[in-house]
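Asker: output the structure for:
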Amino acid sequence: MDPSLAPETVGDAFDQDLEEQSLDFQKLLRTPVSDYYGLLSIPKTANLEEIEAAYKNACASLHPNNYSEQELKDLAQVRFEAVQRAYDVLVSVEKRPIYDQYGEKGLNSTGEVGPRIKTPKEMEEEYERMIQRIHEKELENIVNTKSQINLGLDMSSVFDPYFTRYNEPGLMSRLSKCGISQLELKHSIQTNLSDKTVAILRGNMNTRKGMGGGNILGTVRHTFNPHLWAEFTTSLFDPKFVGAKVFHTLSANSFLVGETYTGTWRAPPVVRLTAGRRIGEETTGYVKFKSGQYSIGPWGEYYGNVFDFEQEFSTAAVGMSRQNRNSKCSVEFQAGAGMSRISFSYIRKLNAATNVRAALNCTTNGIIAAIGGDTKVSEHNRVGLAVESGDSNGVTLKLRLSRLGQRLSLPIMLTPEFDLSFTLWAIAAPSVSFYLLDRLWLSPRRKRLAIEKIETLRSHHNEYLEERKKEAVDAMRLMKEAVGRKQQQEDSKNGLVITQALYGNFEESRTIDVTIAVQALVNNSQLIIAGGHSKSNIIGFYDPCFGSRKQLNISYKFQGQEHQVTIGDTSPLACPIREHMRGPHY
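Answerer: Down below sits the predicted model:
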């Protein structure tokens, strides 16, 4: 997070989208591919010794020389070749970095990763450039242009009791007094001049109470290295604007931002400085300083007369921001010659589609509070609603619709004066309507679309999934005899014996028996299953319910005691441990 971009007003807090957290569902629907780490049941951080140990364990039951029947020998040969390929890639200094970053496609790509004389880093860079070109073509219409329309409406004549009591009582007459109070248009186009340089062209236009203006701004941003970037911005028309900004990451836990800008050369430029540091796993603290308008001798002495827009005052602020998977909050204290304030904002994720937001801004000029939320109505569309109320700006209802990089915002003034009861009604009525809309239409629609997408992908990947099922069944058949001997050995020494292992979605009753496959992973009365990858990649496993959340349930005996454990699809597991024991344990 960059606190230098913290919202200056409560309203701005509602323009910041919380990062999408629907990645879990996206992972469930990813195109199924082979996972070499999952195949050997090792973590991605496994060293050479761990890889070799897992390889030897797999060879113990899958090597073709272990079988005399030709049919079993042929089946073993296929599975052994898969294990051998995974082993060859993971022990290779050249291949493993490419596989870690790009997966199996990086090894099998029709585009050459690079000649053998190149270093692994050079091959990665060349392949990354090829992937980048593909991504740019796919996303150029999404990322490189952004538009925003803010249409302010004044409907105080409809809701304000003063107008309804003493002026026009009829609804149509009151509606006729409504009008547009503000219209703001923004549009930006971004293009890459080189791998490290970006050009951005922004246009904006604003009209308010019969007066308006507009300008075009050009920005060039250059990244010098992963820790330092700078940008320069200038306007094409009046009012003139020239600015520069530098962002530098001092370390993994601290950063520094410097910014300067001016609208006239008759006075020194305004300077902003922000320094931040991570003070916890999820918390960042920062301090900010803005010089405001000042003079250096005669330079800027008559600053107030020559500066074309609103005067800026010197301010200093200290703040803290905390963000995790499901929430984001920030608090800031600012002291200044013109105004001092304390601001607070909070965003909470209710589910994969819906966020709720609250903000409070206490200044020397008054208090402004806001509450609202937004939800995802389709893959690329979001709608939001917020109510802002203050002792100096009345009550405003804000509606927002966003699609990809395009945004439409409708701030609707309901009353120019603060009214607590009206504010509560303004919050309750839209919130209840929004809740009913979500429960009766949006949520069922999202669920229906998700089911349709899952069924479509299951059909699309059916051939691959059936092939993986056949491979798993063949692997279980191959391992059955060797695993039986291992189970007898463990039983004879009162060791770790897997009595039952089920994998899949238990709510949908779509599970498979993987007892043999799990027992095959037992070594010296210990079972270690690495996390970070789907267990459907383990030898003898397959995905029985593609697109659904899966779990692994294991019942086992150790030293004559019954144990049971259930874990998520990508969670690690170590057995035996006391917490798995059934009944009371001491």
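Asker: please count neighbours and contacts with C-alpha atoms only from this point.
Answerer: Fine.
Asker: and the nearest residue to Met476 once chain neighbours are set aside, what are its phi and psi?
Answerer: In space, Met476 comes closest to Gly540 once its chain neighbours are excluded; the distance is 5.4 Å by Cα to Cα, 6 or more residues apart in numbering. In terms of degrees, to the nearest 10, the main-chain angles of Gly540 are phi 100, psi -10.
Asker: go on, the one 3 residues further on?
Answerer: Backbone geometry at Asp543, expressed as degrees, to the nearest 10, gives phi -90, psi 110.
Asker: residue contacts, it?
Answerer: Leu465, Arg468, Lys469, Gly504, Ser536 (Cα atoms under 8 Å, 6 or more residues apart in numbering).
Asker: export those residues to a markdown table and tack on secondary structure?
Answerer: Formatted as a markdown table, the contacts of Asp543 follow (DSSP: H, G, I helix; E, B strand; the rest coil):
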| residue | secondary structure |
| --- | --- |
| Leu465 | helix |
| Arg468 | helix |
| Lys469 | helix |
| Gly504 | strand |
| Ser536 | helix |
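Asker: hey, where'd the helices end up in the stretch 1-150 of the chain?
Answerer: 10-13, 23-28, 36-40, 48-62, 70-90, 95-102, 104-108, 120-143 (DSSP state H, counting those that start in this stretch).
Asker: in terms of mean pLDDT, which of the ones you listed ranks lowest?
Answerer: Among these, helix 10-13 has the lowest mean pLDDT, at a mean of 40.
Asker: burial check on Arg578, number of neighbours?
Answerer: Look at Arg578: counted by other Cα atoms under 10 Å, it has 10 neighbours.
Asker: who touches stretch 82-93?
Answerer: Contacts for stretch 82-93 (Cα under 8 Å, 6+ apart): Tyr36, Tyr37, Leu39, Leu40, Leu48, Ile51, Glu52, Tyr55, Ala58, Lys95, Arg96, Tyr99.
Asker: sorry, back to before: burial measure for the residue nearest to Met476, as a count.
Answerer: That count, for Gly540 with other Cα under 10 Å as the rule, works out to 27.
Asker: that one reaches Arg468, doesn't it?
Answerer: No: the criterion here is Cα atoms under 8 Å, and Gly540 misses it with Arg468 at 9.3 Å.
Asker: identify each buried residue in the helix or strand where Lys486 lies, please.
Answerer: According to DSSP states H and E, Lys486 maps onto helix 462-492. Across helix 462-492, burial judged by 16 or more other Cα atoms under 10 Å covers 465, 468-469, 471-480, 483, 486-487, 489-491.
Asker: now do stretch 350-365
Answerer: Quick answer for stretch 350-365 (16+ other Cα under 10 Å): Ala353, Thr354, Asn355, Val356, Arg357, Ala358, Ala359, Leu360, Asn361, Cys362.
Asker: also stretch 415-427?
Answerer: Per 16+ other Cα under 10 Å, stretch 415-427 contains these buried residues: Thr415, Pro416, Glu417, Phe418, Phe422, Thr423, Ala426, Ile427.
Asker: what about it, average pLDDT?
Answerer: 82.
Asker: gap between it and the chain center?
Answerer: 35 Å (Cα atoms, centre = their mean, to the nearest Å).
Asker: equivalent analysis for stretch 554-562, please.
Answerer: 41 Å.
Asker: for it, which residues meet the burial criterion?
Answerer: For stretch 554-562, a neighbour-count test (16+ other Cα under 10 Å) marks Ile554, Ser555, Tyr556, Lys557, Phe558 as buried.
Asker: in JSON lines: the buried residues of stretch 350-365, plus distance to Ser392 and secondary structure.
Answerer: Output for the buried residues of stretch 350-365, formatted as JSON lines (distance: Cα to Cα, whole Å; DSSP: H, G, I helix; E, B strand; the rest coil):
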{"residue": "Ala353", "distance to Ser392": "34", "secondary structure": "coil"}
{"residue": "Thr354", "distance to Ser392": "31", "secondary structure": "strand"}
{"residue": "Asn355", "distance to Ser392": "28", "secondary structure": "strand"}
{"residue": "Val356", "distance to Ser392": "25", "secondary structure": "strand"}
{"residue": "Arg357", "distance to Ser392": "22", "secondary structure": "strand"}
{"residue": "Ala358", "distance to Ser392": "19", "secondary structure": "strand"}
{"residue": "Ala359", "distance to Ser392": "16", "secondary structure": "strand"}
{"residue": "Leu360", "distance to Ser392": "14", "secondary structure": "strand"}
{"residue": "Asn361", "distance to Ser392": "12", "secondary structure": "strand"}
{"residue": "Cys362", "distance to Ser392": "12", "secondary structure": "strand"}
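Asker: how near is Thr219 to Lys290?
Answerer: 22 Å (Cα to Cα, to the nearest Å).
Asker: that should have said Glu231, apologies.
Answerer: Glu231 is 19 Å from Lys290, by Cα to Cα.
Asker: over to Tyr37?
Answerer: 51 Å.
Asker: and these two? Which one has more around it.
Answerer: Comparing Tyr37 with Lys290 by other Cα under 10 Å, the one with more neighbours is Tyr37, at 25 against 19.
Asker: is that one in contact with Thr45, as I believe?
Answerer: No: in this structure Tyr37 lies outside contact range of Thr45 using Cα under 8 Å: 9.5 Å.
Asker: the nearest residue to Lys95 once chain neighbours are set aside - how many residues pack around it?
Answerer: Excluding the flanking residues, the one nearest Lys95 by Cα to Cα, 6+ apart is Val89, at 5.5 Å. Other residues near Val89 number 18, with proximity taken as other Cα under 10 Å.
Asker: and for Thr234?
Answerer: Thr234, neighbours per other Cα under 10 Å, totals 18.
Asker: that older thread, quickly check the buried residues of stretch 554-562 for the two that are furthest apart.
Answerer: Across these, the longest distance by Cα to Cα is 12.5 Å; it joins Ile554 and Phe558.
Asker: low pLDDT regions in the protein?
Answerer: Across the chain, the ranges flagged by pLDDT under 70 are 1-34, 105-106, 108-143, 160-171, 173-174, 302-310, 583-586.
Asker: so who does the residue lying closest to Pro430 once chain neighbours are set aside touch?
Answerer: Nearest-residue entry for Pro430: Leu385, 7.9 Å, with adjacent residues in sequence omitted and distances by Cα to Cα, 6+ apart. Under the criterion of Cα under 8 Å, 6+ apart, the neighbours of Leu385 are Gly372, Gly373, Asp374, Leu397, Lys398, Leu399, Arg400, Pro430.
Asker: swap in Thr566?
Answerer: Each residue near Thr566 by Cα under 8 Å, 6+ apart is listed here: Gln551, Leu552, Asn553, Ile554.
Asker: how about it, secondary structure?
Answerer: strand.
Asker: for Pro572, state which of the buried residues of stretch 350-365 is nearest.
Answerer: Ala353 (28.1 Å).
Asker: isn't that closest one up against Thr375?
Answerer: Yes: here Ala353 lies in contact with Thr375, judged by Cα under 8 Å, at a distance of 5.3 Å.
Asker: residues near Ser536, how many?
Answerer: 25.
Asker: skipping its backbone neighbours, what lies nearest it in space?
Answerer: Of all residues not flanking Ser536 in the chain, Tyr542 sits nearest, at 4.5 Å (Cα to Cα, 6+ apart).
Asker: quick check: phi and psi at the one you found.
Answerer: Here is the backbone geometry of Tyr542 (degrees, to the nearest 10): phi -150, psi 170.
Asker: same deal with Lys196?
Answerer: Torsion angles, degrees, to the nearest 10, at Lys196: phi -120, psi 0.
Asker: isn't it up against Leu228?
Answerer: No: applying Cα under 8 Å as the test, Lys196 and Leu228 come out as separate, 11.1 Å apart.
Asker: neighbour count winner among the two?
Answerer: Counting neighbours by other Cα under 10 Å for Lys196 and for Leu228 shows that Leu228 has the greater number, 16 against 12.
Asker: any idea what that one is bridged to?
Answerer: Beta-bridge partners for Leu228, by DSSP bridges, are Asn225, His248.
Asker: that one against Val246, yeah?
Answerer: Yes: using Cα under 8 Å, Leu228 is in contact with Val246, at 7.5 Å.
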